[in-house]
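Asker: Sequence first, predicted model second:
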Amino acid sequence: MKKFLGLLGDLWHAGGTGGLNWHVHAYSASRAWLGTISEIARFLQQVQPQAHELVLVGASAGWMMPPSWLSRFDRIDAYDIDPLAARLFRWRHGESLRAHGIALHMHRQDALASLPELLQRHPRACLWFDNLLGQHRYRVRDEARAEQEITDLKHQLQGRNWGSVHDLYSGPTQHMAWADRITTLTRAGVDAGQLNSQQAQTLLQDVGAKDVWSDHLTSQVFAPGTPTTLIPWRFKDHHCHWLQAGWVQGRKL
């Protein structure tokens with residue numbers, strides 16, 4: 001019985017980072033997310049990955065993953081702990097990838113926990129952390145440990161070509177008319193090390209934040225001086241996330 005309940009919980013929320021609960025919401029909200037997805041695609045269009053292989057960490061079903069980005073590679077290795085991720089990712093992106101002759105390999109594995117192994121397994125690949133790092137504190141349930149592990153990530157990845165889009169802050173909002181102005185609210189070229197408390201307050205005001213917001217402990221993902229883009233995401237009615245997207249150009253692979 002205990003094993004069955006564990007399996008059921010895994011299918012429902014996949015350790016708090018996915019599962020059926022997430023996929024149902026993502027499918028129903030996909031039209032409302034189009035503006036944010038377009039801004040992520042705009043950011044990725046400017047990235048020069050310098051590799052023909054991609055390791056996609058936290059692939060999920062690729063709900064916010066632009067097909068134009070995926071089509072730039074010859075091989076994609078996608079990792080996720082969600083038992084539904086492989087089937088749903090293939091459902092959403094498989095046909096397009098096959099049409100471009102791209103080899104897709106799905107892996108059910110905790111890529112963060114086994115990152116050193118993955119880096120050795122894919123020495124010529126660049127890495128993209130797809131809306132994953134902002135959930136680490138909820139998986140670990142130890143804020144100090146989660147923040148340290150997120151901060152250490154850039155050192156583990158030193159010399160590699162890698163990037164991430166992740167939650168910075170999230171919380172309730174007032175009127176959501178701002179969702180029609182995502183492009184004007186998006187902020188490009190923000191130094192990863194320069195987002196102080198006053199600037200954070202400005203971000204919250206821009207989306208009509210109210211009550212208490214969550215800090216996802218991701219402000220140190222990138223080293224200071226890394227240009228990033230801040231993108232608003234209407235996660236659901238009256239609830240917003242500020243996403244941070246950045247790319248680190250390492251050695252040529």
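Answerer: Structure's in. What do you need?

Asker: need the contact list for Phe222.
Answerer: By Cβ atoms under 8 Å, 6 or more residues apart in numbering, the contact list for Phe222 reads Lys154, Ser164, Ala192, Gly193, Thr228, Gln244, Gly246, Val248. All C-beta spots, glycine's among them, are computed from the backbone N, C-alpha and C.

Asker: Please give me every residue in contact with the third one.
Answerer: By Cβ under 8 Å, 6+ apart, Ala192 lies in contact with Ser219, Val221, Phe222, Ala223, Pro224, Gly225, Thr226, Pro227, Thr228, Gln244, Gly246.

Asker: Could I have the PyMOL command that selects the buried members from the residues you listed?
Answerer: Remark: buried members of the contacts of Ala192, expressed as a PyMOL selection using 16 or more other Cβ atoms under 10 Å:
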select buried, resi 219+221+222+226+228+244+246
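
Asker: any idea which helix or strand of the chain has the worst average confidence?
Answerer: helix 2-13 (a mean of 42; mean pLDDT, DSSP states H and E).

Asker: list the buried ones in the following helix or strand past it?
Answerer: Counting by DSSP states H and E, the next helix or strand C-terminal to helix 2-13 is helix 19-29. By neighbour count on 16+ other Cβ under 10 Å, the buried set for helix 19-29 is Gly19, Leu20, Trp22, His23, Ala26.

Asker: do the same with stretch 136-154
Answerer: His136, Arg137, Arg139, Val140, Ala146, Glu147, Glu149, Ile150, Leu153, Lys154.

Asker: just checking, His241 touches Val165?
Answerer: No - using Cβ atoms under 8 Å, His241 is not in contact with Val165, being 10.6 Å away.
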